[in-house]
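Peer 1: what's the 3D shape of this:
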Amino acid sequence: MAQQHLDPTDPTARAVPGDALARYLRGQATEFLRALRLHRETGSGSGQNGTEDSVDAARALRHSARRISGSLHTFRPLLDADWSEEMRPELAWLSGTLALEHACAARLERLLLALHRLSGSAAFPAQSAASAVGGRVTGAG
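Peer 2: Predicted coordinates for the structure are as follows:
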């Protein structure tokens, strides 16, 4: 079988890097959508494991957005310049928003731990009665 050489003047030969980039971006978009679905499912953070899952989902979303944004910047010559330049600020905003969410969740956890220490409680409850019943406190007379 004869070895094939790619002719750089052949338009299909130039499509190979573009196809690889398209496959990569589709894969990253798929990962982003999976992380988004997981973030929606765990966003309320039901219990300690739900909170960890929510943090993991937000981290996966942020990483995906940064990888896509970096790819749009790096491979700008292969892409529609207007489209990629419109997407990058949106992805940067999303990444920043997710970083703020992570910082707020960490601050909330530290504040709750401090409140429990101040109240003299030995253990940190996994979930309050109010959040377990959708905001209604049970047993209040």
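Peer 1: Can you pull the poorly scored residue ranges out of this structure?
Peer 2: Counting by pLDDT under 70, the chain contains low-confidence ranges at 1-16, 43-51, 122-141.
Peer 1: Just the helices from it, written as ranges.
Peer 2: For the chain, the helices defined by DSSP state H cover 11-42, 47-74, 81-118, 129-132.
Peer 1: So which of these is the most surrounded?
Peer 2: Highest mean neighbour count among the helices of the chain (mean count of other C-beta atoms under 10 Å): helix 47-74, with a mean of 17. Any C-beta I mention is one placed from the backbone N, CA and C, and that applies to glycine too.
Peer 1: tell me the angle that helix makes with helix 11-42.
Peer 2: Taking axes from the mean of the first three to the mean of the last three C-alpha atoms, to 10 degrees, helix 47-74 and helix 11-42 form an angle of 160 degrees between their directions.
Peer 1: Could you list every helix and strand that helix 47-74 packs against?
Peer 2: Packed against helix 47-74, as judged by 3 or more C-beta pairs under 8 Å, 6 or more residues apart in numbering; DSSP states H and E, are the following elements: helix 11-42, helix 81-118.
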